[in-house]
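1. Attaching a predicted model along with its sequence, questions to come.
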Protein chains: 2
Amino acid sequence: MDKAHIAYFKKLLGEDNAYFDEAHRRAYSYDATRKSFLPDGVLFPRDENDVCEILKFCNAHQIIIIPRGAGSGFTGGALAVNGGLVLGFEKYMNKILEIDLENLVARVQPGVINSALQKEVAKFGLFYPPDPASMEYSSLGGNVSENAGGMRAAKYGITKDYVMALRAVLPSGELIRAGKRTIKDVAGYNIAGILIASEGSLAVITEITLKLIALPKLKKTAMGVFDSVQSAMNAVYKTLSKGVTPVSMEFLDRLSIQAVEQKFHKGLPTDAGAILIADVDGNVKESVESDLAVLKESFKDCNAREFRVAKDEAEAADIWFARRNCSQSINIYGTLKLNEDITVPRSKLPELLEGIEQISSKYGFKVPCFGHTGDGNVHTNVMIPDKNDEKQVQKGHEAITEIFKLAVNLGGTLSGEHGIGLSKAPFMKLAFSEAEMNLFRAIKKAFDPNNILNPYKMGL
Amino acid sequence: MDKAHIAYFKKLLGEDNAYFDEAHRRAYSYDATRKSFLPDGVLFPRDENDVCEILKFCNAHQIIIIPRGAGSGFTGGALAVNGGLVLGFEKYMNKILEIDLENLVARVQPGVINSALQKEVAKFGLFYPPDPASMEYSSLGGNVSENAGGMRAAKYGITKDYVMALRAVLPSGELIRAGKRTIKDVAGYNIAGILIASEGSLAVITEITLKLIALPKLKKTAMGVFDSVQSAMNAVYKTLSKGVTPVSMEFLDRLSIQAVEQKFHKGLPTDAGAILIADVDGNVKESVESDLAVLKESFKDCNAREFRVAKDEAEAADIWFARRNCSQSINIYGTLKLNEDITVPRSKLPELLEGIEQISSKYGFKVPCFGHTGDGNVHTNVMIPDKNDEKQVQKGHEAITEIFKLAVNLGGTLSGEHGIGLSKAPFMKLAFSEAEMNLFRAIKKAFDPNNILNPYKMGL
């Protein structure tokens, strides 16, 4: 990095907020992909004005900027693949600025951790529903940039459904505001809409206004056990078509059940084809009970061999234990996990899972699946027995490519919630036409003509 | 229009689908603004392929295209201010293509009328909530292009909350697909998100996939009468903060009440400051009753002098009569109505209405207000006694400008649901910075480099 540039950043931000040493660069070279690319430096802006100044300077000097949330992304969105400066928000821009009880919105800086907001608003009887599995450590800035999902999406939607307004800085250093603290706002193009899920490649988000809702007063957890994953998927459809949308409706396939049981000895039915776990909520007892009755009927209609409603929170936690520990348990099947978050229309879930089973047989890898049936989002894990065997790894990637193709052919998407970033970039051509890719590039150029913001990600 | 171009379109579409005569041009020169601009011709594409061919040709020959829904827009979005060819979808591209009961989505062509979809899905116990006042005649293509709202927005959101996927044709003639039939989809930039509310200026929408929900089984209507509009606004906030979100929560101010009464003699309380009308819905009796109890308590806490729940549908229709007939009734106050659909954060409604009263006094015009309190969307009507008095009209526009400034200063928007189009274009600078306007222009250019799609609208 040019010494004059280093001097500029140290003067602008102070010695303590601009680092160019090996240790800091190394610390900010990773994300949840476990890949590592050394950035040229790490900057901690103190406020929005710092962000403006940094971007103006970087734009003028063609210095790459990588906005970074908590580095918990699964697709390398925050990795400095082409060098450049990482922008960290965890040191200063991590405040909940306002909880507006009259309009039911929260105004936060990008570095706020998802669960911190959830806890804070719960004190006021309010609810911020998006709950990515990373919510204890992922930042809201990252959540917005990746359009994070979670378990509650079937009923409550995903991050984009809660972003009312954004403040962001363009690569030119100019501040823009997008959206309003109103449900309705149709003036001008929907800039907030396109910044969501743009993976830090269009502008740097400096402030987020999020919609809050009233926290439902009651919640119940139920579980169903099925002989086949197909019966379980039918039960999901049956429930939804009766007008009941559980908060979450999660499934574990046979391999996942067996893995959790082998690791934790919880007495799970290891001969079952699938387990469905559903939460229903509401404000009135009769309404929650009515939902549970529909759930029971739908599950029984689809040959559930067992249906159980948790008596209390402890029993609910026990039911949820299996789902929450899937991800780590399936490591018994291999030393390398190629996990993807493909999503298909709900009705295509049985077909998707059948197809995955065929791919699993063809390649000889175990492919445990679990995830969010309520919204068709399946976490697919191709387990590679020996991560040091290059041939195996290569075959694993071939299997993943087939799974992507299958999902796209079923009308699904490459990514339900992890984003594209670096690791899914090679698959963009499976899902998008040349005209569509060119449009993405033209939009990128409209925001960032010098290509300084997280460049070359998303296959662009 | 160049004779060779006319010949091209007649050959491409057939004589019956490409019109360049005075009568057709005149018929397609209007929209709900009652302004008139003659287009150079009117084309009726038979299918998506026609749209591709038309755009490719127009792009090559720099011919302006104005995609048109039902022409029911209030801001001139479909007016041919700079000539060009109007693209009409009502003749062929007006089909409901699919109602997918498994994934709860509908796939429609842009020319389908909003209420036609509502009626069709209701047959299956399903619900498409967005209900602009124009729903009996406005098209879904137009609804998407303007991001139409309606009365149910407070609980169910607006058009953008239901658009899952779009097919659209770029000015180049290339087809793009955006979004999926899945709740979660984070691959690539959110193109569907930016096409919504883009007023036909970025691409021509050829197919829309809309989310459906289960039709709630029960609905109840309640009415409250308040001495002041401020008490009514407080009652709205109180209700929402208790976790109850009515489907709609509409208000009439004193002038609106008096106008309806003068015209229809319904026995409305003409000395009241405001009436609130609220619908609550649900699937379980106890839940609806619990909501009504909260409504009653909140209204009483805010000094409602009357609270009434409709016993049956006839009584509910009677309560709604006042609200539904506001718009026509207030014509007693003038021969010209300058109506705007400003929106502010809900908590700012009392301040907004106070400010409007001051502006009304200052200019000496009656300004009846009514609309959607649940989402802060107020229909503000500056009534000009004599539309032929240029001075009065001029003063009316000055009053409107002050109202816009007030709304923007309160954190609101120029338009909650009507869009910007032509008539609000001069006010864009009140709401957006030069950087924001330049970004809009850059996005426009990314989609439409030759500026052939509905150009010069939205203040661009």
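-> Alright, I've got the coordinates.
2. was I right about A:A165 contacting A:I176?
-> No. Taking contacts as Cβ atoms under 8 Å, A:A165 lies outside contact range of A:I176: 11.0 Å. In short, each C-beta sits where N, CA and C put it, glycine included.
3. can you pull the pLDDT of the residue nearest to A:P129 when sequence neighbours are not counted?
-> Of all residues not flanking A:P129 in the chain, A:Y156 sits nearest, at 3.6 Å (Cβ to Cβ, 6 or more residues apart in numbering or on different chains). Note on A:Y156: pLDDT of 94.
4. what about A:Y156, distance to chain B?
-> Distance of A:Y156 to chain B, given as Cβ to the nearest Cβ, to the nearest Å: 10 Å.
5. residues touching the nearest residue to A:A18 once chain neighbours are set aside, list them.
-> Leaving aside its sequence neighbours, A:A18 sits nearest to A:F9 (Cβ to Cβ, 6+ apart; 4.0 Å). For A:F9, the contact set (Cβ atoms under 8 Å, 6 or more residues apart in numbering or on different chains) comprises A:18, A:41, A:43, A:54, A:57, A:85.
6. Filter the residues you listed down to the buried ones.
-> Among the contacts of A:F9, those classed as buried by 16 or more other Cβ atoms under 10 Å in any protein chain shown are A:18, A:41, A:43, A:54, A:57, A:85.
7. Can you add secondary structure, pLDDT and distance to B:P246 and give those residues back as TSV?
-> Below are these laid out as TSV (DSSP: H, G, I helix; E, B strand; the rest coil; pLDDT from 0 to 100; distance: Cβ to Cβ, whole Å):
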residue	secondary structure	pLDDT	distance to B:P246
A:A18	strand	98	52
A:G41	strand	98	53
A:L43	strand	98	47
A:I54	helix	98	46
A:F57	helix	98	51
A:L85	strand	98	49
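8. For my notes, please list these in JSON lines and give distance to B:F365 for each entry.
-> Output for those, formatted as JSON lines (distance: Cβ to Cβ, whole Å):
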{"residue": "A:A18", "distance to B:F365": "58"}
{"residue": "A:G41", "distance to B:F365": "60"}
{"residue": "A:L43", "distance to B:F365": "54"}
{"residue": "A:I54", "distance to B:F365": "50"}
{"residue": "A:F57", "distance to B:F365": "51"}
{"residue": "A:L85", "distance to B:F365": "56"}
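9. Who are the packing partners of the longest helix seen in chain A?
-> Scanning chain A for the helix with the most residues, using DSSP state H, yields helix A:390-409. Other helices and strands packing on helix A:390-409, by 3 or more Cβ pairs under 8 Å, 6 or more residues apart in numbering or on different chains; DSSP states H and E, are strand A:336-340, helix A:349-363, strand A:377-384, helix A:428-431.
10. hey, which of those is tucked in deepest?
-> strand A:377-384 (a mean of 25; mean count of other Cβ atoms under 10 Å in any protein chain shown).
11. Residue numbers of the stretch 251-400 of chain A in contact with chain B?
-> A:282-287, A:290, A:343-347, A:372, A:375-377 (Cβ under 8 Å from any Cβ of the partner chain).
12. Low-confidence ranges, chain A, go.
-> Counting by pLDDT under 70, not a single residue of chain A qualifies.
13. Pretty sure A:W320 sits against A:K219.
-> No. Using Cβ under 8 Å, A:W320 makes no contact with A:K219, being 11.5 Å away.
14. so which of the contacts of A:F9 comes closest to B:S138?
-> Ranked by distance to B:S138 (Cβ to Cβ), the contacts of A:F9 are led by A:I54 at 46.0 Å.
15. If we go by neighbour counts, what in stretch A:260-267 is buried?
-> By 16+ other Cβ under 10 Å, the buried positions in stretch A:260-267 come out as A:260-261.
16. helix/strand/coil for A:G76?
-> Secondary structure for A:G76, judged by DSSP: H, G, I helix; E, B strand; the rest coil, is coil.
17. For it, give its distance to chain B.
-> 14 Å.
18. Then A:G419?
-> 5 Å.
19. for A:S360, same thing?
-> For A:S360, the distance to chain B - Cβ to the nearest Cβ - is 23 Å.
20. residue contacts, that residue?
-> With Cβ under 8 Å, 6+ apart, A:S360 has these contacts: A:366-367, A:382, A:399.
21. still on that earlier bit, what about A:W320 and A:K219, which has more around it?
-> A:W320 (18 against 15; other Cβ atoms under 10 Å in any protein chain shown).
22. Can you check my assumption that the more buried one lies in a helix?
-> Yes. Assessed by three-state DSSP, A:W320 belongs to a helix.
23. Assign a three-state SS to the residue nearest to A:L414 when sequence neighbours are not counted, would you?
-> Spatial nearest neighbour of A:L414, chain neighbours left out: B:A187 (4.4 Å); criterion: Cβ to Cβ, 6+ apart. Under three-state DSSP, the three-state class of B:A187 is coil.
24. contacting residues around B:A187?
-> Counting by Cβ under 8 Å, 6+ apart, B:A187 touches A:413-415, A:419-420, A:424, A:428, A:431-432.
25. I'd like the distance between it and A:A425.
-> 10 Å (Cβ to Cβ, to the nearest Å).
26. ditto for A:D31
-> A:D31 is 15 Å from A:A425, by Cβ to Cβ.
27. More neighbours: which of these two?
-> Using other Cβ under 10 Å, the more surrounded residue of A:D31 and A:A425 is A:D31, with 24 against 18.
28. Could you verify my assumption that the more buried one touches A:I66?
-> No. Contact criterion Cβ under 8 Å: A:D31 and A:I66 do not qualify, at 10.3 Å.
29. Next, show the common contact partners of those two.
-> A:78-79.
30. ok, for A:S29, nearest residue in space, not its chain neighbours?
-> Nearest residue to A:S29 in three dimensions, chain neighbours excluded: A:S36, at 4.5 Å (Cβ to Cβ, 6+ apart).
31. Next up, the contacts around the one you found.
-> A:26, A:29-30, A:79.
32. Now the buried members of the residues of the stretch 251-400 of chain A next to chain B.
-> Buried, going by 16+ other Cβ under 10 Å: A:282-284, A:287, A:290, A:343-347, A:372, A:375-377, out of these.
33. Between which two of those is the distance greatest?
-> A:V284 and A:V344 (34.1 Å).
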